[in-house]
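# my questions concern the predicted model and sequence given below.
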Amino acid sequence: MSSPVESEFSARAKQIAAEEMPRLLARTTASKALYERALHSMPGGVASSFQLGDPYPVYLRSGKGSLVCDVDNNEYVDFHNGFGTMAVGHAHPVIVEAITTAAQSGTHFAVTVEKTVALAEELCRRFSVDQVRFTNSGTESTSTAIRVARAATGRDVIAKIEGSYHGHVDQLMYSVLPGADVMGGRDAPVATPKSKGVPAGMSQWIRVVPFNDATALERLFEAEGNQIAALIMEPVMMNIGIVVPQPGYLEQVREICTRYGVVLIFDEVKCGGTIAEGGAQQRFGVEADLACWAKSIGGGTPLGAFGGRADIMDQINQGAAHQGTYNGNPLSVAAGLATLTQVLTAEAYTKFDRLGARLAGGIQSIIDEYQLPAHTVDLGCKGCISYRSQPLTSYRDFLETDLSIYEASYPWMVNRGVFMTPGDEEQWTLSVQHEDEDIDRYVDAFAAFAAELTR
């Protein structure tokens, strides 16, 4: 990434971080010990690189309702919620019962069970698609959707949004938080690999365009539309905090893709099941050809899916491979069906809207009072603080945020019992088990942070 942006608050933020980090380390000595043990058996001492911490991560022991407890027995209100997976909250009795009942009948068959069919029907109803197939993660969902789109169009090139993340497969690990020195010009973003080990020639199949820029998309398709199989995009960009689509943008994207015969894929891994009952397609009124889901649809179990138009999904019957031993696993589909039919109901989204407004509104009033270079975004269950005064419209705006303020806020909030995602590119996630007092704890801790930052 580019050099960190400095604001008038940066120096004080660095002082706060220097004071708060030793306090965080002093209260997480069991996490340190577990980290040192885990280093011998796992790279970085974690199960996924997203779980890394500096100098080590906080390891959790348990969760109940809106709370989690770490291995040092520190209790927190959870706004991390499994990177957006736990909209149901922890150990929800409905989900516990669904998994327990399913386990008593057998944990896996690699054969479709009745609840798999029922969950497929619910996903089709909820997200207004013709057909779905199941996976075990968001990465599996997006990578298979791309294969199906390529089969449907007979084309090979994939277009994606600059700065977006769609999973860790080679073909999608491009232009994910690229540095300013490698991302190319605004009118010609470069497909830069995120990871070592990606074949050098794979970039020939990737094209990159900015978010909220239909003109750039039109320009790309005019030049290469007959080679492009699909545009994959988050309808709400959630790899850099939250960037909402500007009015008319998604409608323009839909029209351009239709005109050039490009399959429009909405990656709703984060926003499907959280920002509205029917996800982004319901919230913004624009339908994709294919959509991908995971995270909160599974109620905390490893469950993903993709689906869309029947004629495109029929490519699976015509030779577009989609396999997976654990696809439609009985435990996961039981949890998913209970999640979508009994927990994430219309009433849940009404509650999310109320709590989200309370949290984002409370923080925004503090930002305004102390004149911080920041803003909030509220999408109900999902929301964020970005340390830039003006709302973000694309990835390049994200490079103008003041990272030092976030780096001070993280240990400050965790030390005061607010569990946050590690990284300024992430969001908070609420759950149906959060209540007003949980929200107020976050707001009060942030108010104290703002006062300390500006004293």
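Received it, and whenever you're ready, just let me know what you need. Numbers count the residues shown, from 1 in each chain.
# residues touching the lowest-mean-pLDDT helix or strand in the chain, excluding its own?
One helix or strand of the chain scores below all others by mean pLDDT, DSSP states H and E: strand 188-189, with a mean of 82. Strand 188-189 is contacted from outside by E162, S175, M183, V208, V209, P210, using C-beta atoms under 8 Å, 6 or more residues apart in numbering. (C-beta placed from N, C-alpha, C; glycine too.)
# tell me which residues of stretch 402-418 are tucked away?
402-416, 418 (16 or more other C-beta atoms under 10 Å).
# all helices for the stretch 1-150 of the chain, in order.
10-26, 29-38, 81-84, 93-104, 114-127, 138-153 (DSSP state H, counting those that start in this stretch).
# each with direction, which strands does the least confident helix or strand of the chain pair with?
strand 184-185 (antiparallel) (DSSP bridges).
# need the contact partners of the partner strand.
Residues from elsewhere that reach strand 184-185, judged by C-beta under 8 Å, 6+ apart: V190.
# mind checking how far it is from the chain centre?
Its chain's C-alpha centre and that of strand 184-185 lie 26 Å apart, by C-alpha atoms, centre = their mean, to the nearest Å.
# which residues sit against stretch 77-87?
Stretch 77-87 has contacts (C-beta under 8 Å, 6+ apart) with 50, 63, 66-68, 89-90, 238, 270, 273-274, 295-296, 298, 300, 344, 348, 352, 381-382, 417-421, 426-432, 434, 438, 441-442.
# can you get me the start-to-end distance on that stretch?
14 Å (C-alpha to C-alpha, to the nearest Å).
# tell me which residues of it come out buried.
Buried residues in stretch 77-87, counted by 16+ other C-beta under 10 Å: V77, D78, F79, H80, N81, G82, F83, G84, T85, M86, A87.
# and for stretch 249-267?
Under the neighbour-count criterion of 16+ other C-beta under 10 Å, stretch 249-267 has 249-250, 252-254, 256-257, 260, 262-267 buried.
# next secondary structure after the least confident helix or strand of the chain?
Once strand 188-189 ends, the next helix or strand along the chain (criterion: DSSP states H and E) is strand 206-209.
# okay, domains of this protein per the record?
10-87+346-453, 93-343 (automatic domain parsing).
# mind giving me the PyMOL command for buried ones among the contacts of stretch 77-87?
Remark: buried members of those, expressed as a PyMOL selection using 16+ other C-beta under 10 Å:
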select buried, resi 63+66+67+68+89+90+238+270+273+274+295+296+298+300+344+348+352+381+382+418+419+420+421+426+427+428+429+430+431+432+434+438+441+442
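# please enumerate the helices of the stretch 301-450 of the chain.
Counting by DSSP H, counting those that start in this stretch, the helices of the stretch 301-450 of the chain are 310-313, 330-338, 346-370, 395-398, 403-415, 436-453.
# can you pull the phi/psi pair for Y174?
phi -130, psi 140 (degrees, to the nearest 10).
# OK, contacts around it?
With C-beta under 8 Å, 6+ apart, Y174 has these contacts: K160, A191, T192, P193, K194, V198, M202, S203, I206, V208.
# what pLDDT does it get?
Model confidence at Y174, given as pLDDT, is 91.
# cool, S3 as well?
With respect to pLDDT, S3 has a value of 49.
# the helices in the stretch 151-300 of the chain, which residues?
Under DSSP H, counting those that start in this stretch, the stretch 151-300 of the chain gives helices at 214-224, 249-260, 279-284.
# possible to save those as a markdown table with mean pLDDT?
Compiled in a markdown table, the helices of the stretch 151-300 of the chain are given as follows (pLDDT from 0 to 100):
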| stretch | mean pLDDT |
| --- | --- |
| helix 214-224 | 97 |
| helix 249-260 | 98 |
| helix 279-284 | 96 |
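# want to throw those helices into JSON lines with distance to T393?
Shown next, in JSON lines, are the helices of the stretch 151-300 of the chain (distance: least, C-beta to C-beta, whole Å):
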{"stretch": "helix 214-224", "distance to T393": "12"}
{"stretch": "helix 249-260", "distance to T393": "9"}
{"stretch": "helix 279-284", "distance to T393": "16"}
